[in-house]
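A.B. asks: got a structure for you, letters missing:
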């Protein structure tokens, strides 16, 4: 190479070397670590052990024991002869039921996160540390729809903590460890990889955004930790896909970013886990819709209905459009949209990327709690009528959110039905909306209670149950 060409070439090499050094120094540690992921390169690397990581983190994973008392009907309950002889005062049998799960300590003062289904209906909750010590707990916050609960250990002791990761940085193929108490055999560690992200239609609840893993998860692992190789929590193990009850290598965990928002609500003393009120309903994108709008794939959340005056309406969202991303993060399906808006945080705004027939546009959506536009005015109905035993309230977007109902519904809703009451025996259910009585519209709880003071001899009632109208006659 001639000297005239050599000097510029050497100068270019020095500039490239300097750029690499600057990138290595200035890049965030997490981002740099993310780029350095490698597969094992040698036999020695394949013989490495997880034991140092397990020793560092396993103390923050606990066993959760929940005990509840249930009433069993007496052997002769319902028998006309015995009920007449004993005056229907035959006592039911009570028995204790126990459930076992896992939990993760996320604050030094003893806040533990587990699944709601582990402690649902429990009268007494205890946790056991990995060293065998047991402590009583109190329930701080729970939510059935996201299947999370926060417990507080009743002691002033300081506890080891598992730090929370940014679960959005988790990638398919990442190595993970699952720690829990499967089948009550004691604390157990299994290893695997992240098999998939953004899984939905896994459970019967409203939540549908899970991390999938092939690390063995079995009954009793619920509420336990799924963690990365940095010793950080990336998810709470929640469900398995199984035909026989055991692990088939398909397990699901609630992402840590949702756990983080839920824990913050519990730490602030909230009694209810509020999620942003959008004021719109969404459907999955079909291949036909994707083709009509020019989308490359059937992904996103199709706007099916917008509530007038709601946040989505004010932001300019219209039926027929597709939300494809939130704050620049792609949205795979409607459940993913709900997850992204929830983890963005209340009181903030979110930028929605929307595909319309005319092309892409960005909208700014305000993220606030659902309003209680109509005071709920909850009442228990009494008297000699078919509705005695119903607890009713005026429906609003806030109450609809709490009851896991569509937020565009209005009217008088049944929030509870007393067992053994006339209404209970006639088949009324929570979430029933009372539309009319004897042909007259039921506009509020006050109006309905006033209607019941009359005695027409028979009652013609129309209710709405899960979108269907039901008409019944009672005497």
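C.D. replies: Yep, it's here. These figures come from a predicted structure and were not determined experimentally.
A.B. asks: Quick one: mean pLDDT for stretch 255-264?
C.D. replies: Stretch 255-264 shows a mean pLDDT of 96 in the predicted model.
A.B. asks: which other residues reach it?
C.D. replies: 106-107, 111, 113, 141, 143, 146, 148, 150, 164-168, 170, 207, 209-211, 232-236, 273, 339, 342-343, 345 (C-beta atoms under 8 Å, 6 or more residues apart in numbering). Where C-beta positions appear, they are placed from N, C-alpha and C, glycine not excepted.
A.B. asks: so where's the stretch 351-475 of the chain shaky on pLDDT?
C.D. replies: For the stretch 351-475 of the chain, no stretch is flagged by pLDDT under 70.
A.B. asks: now do 80
C.D. replies: Applying pLDDT under 80 to the stretch 351-475 of the chain picks out residues 455-457, 475.
A.B. asks: The chain now?
C.D. replies: 1-41, 43-48, 68-99, 184, 201-207, 240-249, 455-457, 475.
A.B. asks: Could you pull out the helices in it for me?
C.D. replies: 3-26, 29-35, 43-46, 51-57, 80-86, 116-119, 256-267, 287-293, 311-315, 334-344, 397-402, 422-425, 445-451 (DSSP state H).
A.B. asks: circling back to that earlier point, hmm, which of the contacts of stretch 255-264 are the buried ones?
C.D. replies: 106-107, 111, 113, 141, 143, 146, 148, 150, 164-165, 167, 170, 207, 209-211, 232-236, 273, 339, 342-343 (16 or more other C-beta atoms under 10 Å).
A.B. asks: Just those residues: which are in strands?
C.D. replies: Using DSSP state E, 106-107, 111, 113, 141, 143, 148, 150, 210-211, 233-236 are the members of the buried ones among the contacts of stretch 255-264 that sit in strands.
A.B. asks: Kindly reformat those as CSV containing distance to residue 184.
C.D. replies: Listed next are these as CSV, based on distance: C-beta to C-beta, whole Å:
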residue, distance to residue 184
106, 23
107, 26
111, 24
113, 20
141, 26
143, 26
148, 22
150, 23
210, 24
211, 25
233, 23
234, 25
235, 22
236, 19
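A.B. asks: Name the nearest of those relative to residue 290.
C.D. replies: Residue 290 has its nearest neighbour among those in residue 210, at 23.7 Å by C-beta to C-beta.
A.B. asks: just checking, that closest one touches residue 194?
C.D. replies: No: Residue 210 lies out of contact with residue 194 (C-beta atoms under 8 Å); the separation is 10.9 Å.
A.B. asks: how near is the closest residue to residue 231 other than its chain neighbours to residue 312?
C.D. replies: For residue 231, ignoring the flanking residues on the chain, the nearest one in space by C-beta to C-beta, 6 or more residues apart in numbering is residue 57 at 4.9 Å. For residue 57, the distance to residue 312 equals 42 Å [C-beta to C-beta, to the nearest Å].
A.B. asks: Likewise for residue 38?
C.D. replies: Residue 38 is 44 Å from residue 312, by C-beta to C-beta.
A.B. asks: Looking at these two, which has the bigger crowd around it?
C.D. replies: residue 312 (25 against 6; other C-beta atoms under 10 Å).
A.B. asks: hey, what's the nearest residue to the more buried one once chain neighbours are set aside bridged with?
C.D. replies: Nearest residue to residue 312, sequence neighbours excluded (C-beta to C-beta, 6+ apart): residue 280, at 3.8 Å. Following DSSP bridges, residue 280 is listed with bridge partners residue 306.
A.B. asks: tally of neighbours for residue 280?
C.D. replies: Quick note: residue 280 (other C-beta under 10 Å) scores 25 neighbours.
A.B. asks: can you check residue 371 too?
C.D. replies: 14.
A.B. asks: next one: residue 130
C.D. replies: Neighbour tally, residue 130, other C-beta under 10 Å: 16.
A.B. asks: Kindly report the same for the one 5 residues further on.
C.D. replies: For residue 135, the number of neighbouring residues by other C-beta under 10 Å comes to 19.
A.B. asks: what separates the residue nearest to it when sequence neighbours are not counted from residue 220, distance-wise?
C.D. replies: With sequence-adjacent residues excluded and distances taken as C-beta to C-beta, 6+ apart, residue 135 is closest to residue 153, at 4.8 Å. With distances taken as C-beta to C-beta, residue 153 is found 20 Å from residue 220.
A.B. asks: again with residue 287
C.D. replies: 41 Å.
A.B. asks: Neighbour count: the two, which is higher?
C.D. replies: residue 220 (23 against 10).
A.B. asks: so what's the more buried one up against?
C.D. replies: 100, 101, 102, 180, 181, 182, 183, 184, 185.
A.B. asks: what does residue 406 give?
C.D. replies: Residue 406 neighbours (C-beta under 8 Å, 6+ apart): 281, 400.
A.B. asks: Please apply the same query to the one 10 residues further on.
C.D. replies: By C-beta under 8 Å, 6+ apart, residue 416 lies in contact with 390, 391, 430.
A.B. asks: is it in a bridge, and if so with what?
C.D. replies: According to DSSP bridges, beta-bridge pairing links residue 416 with residue 391.
A.B. asks: And it, how far from residue 105?
C.D. replies: Distance from residue 416 to residue 105, by C-beta to C-beta: 34 Å.
A.B. asks: from what I can see residue 414 touches residue 428, true?
C.D. replies: Yes: using C-beta under 8 Å, residue 414 makes contact with residue 428 at a distance of 5.9 Å.
A.B. asks: Can you get me the start-to-end distance on stretch 279-292?
C.D. replies: End-to-end span of stretch 279-292 (C-alpha to C-alpha, to the nearest Å): 25 Å.
A.B. asks: contact partners of that stretch?
C.D. replies: 295-307, 309-313, 317, 322-323, 333-334, 337, 357, 397, 406-408.
A.B. asks: Let's see that with 6 Å instead.
C.D. replies: Stretch 279-292 is contacted by residues 298, 300-307, 310-312, 322, 333-334 when judged by C-beta atoms under 6 Å, 6 or more residues apart in numbering.
A.B. asks: Just the buried positions in that stretch, please.
C.D. replies: Buried, per 16+ other C-beta under 10 Å, within stretch 279-292: 279, 280, 281, 282, 284, 285, 289, 290.
A.B. asks: Would you list the phi and psi of the first one?
C.D. replies: So that's residue 279. Dihedral pair for residue 279: phi 80, psi 40, per degrees, to the nearest 10.
A.B. asks: What separation is there between the closest residue to it other than its chain neighbours and residue 331?
C.D. replies: Using C-beta to C-beta, 6+ apart and skipping residues adjacent in sequence, the residue nearest residue 279 is residue 310, 2.0 Å away. According to C-beta to C-beta, residue 310 stands 19 Å off from residue 331.
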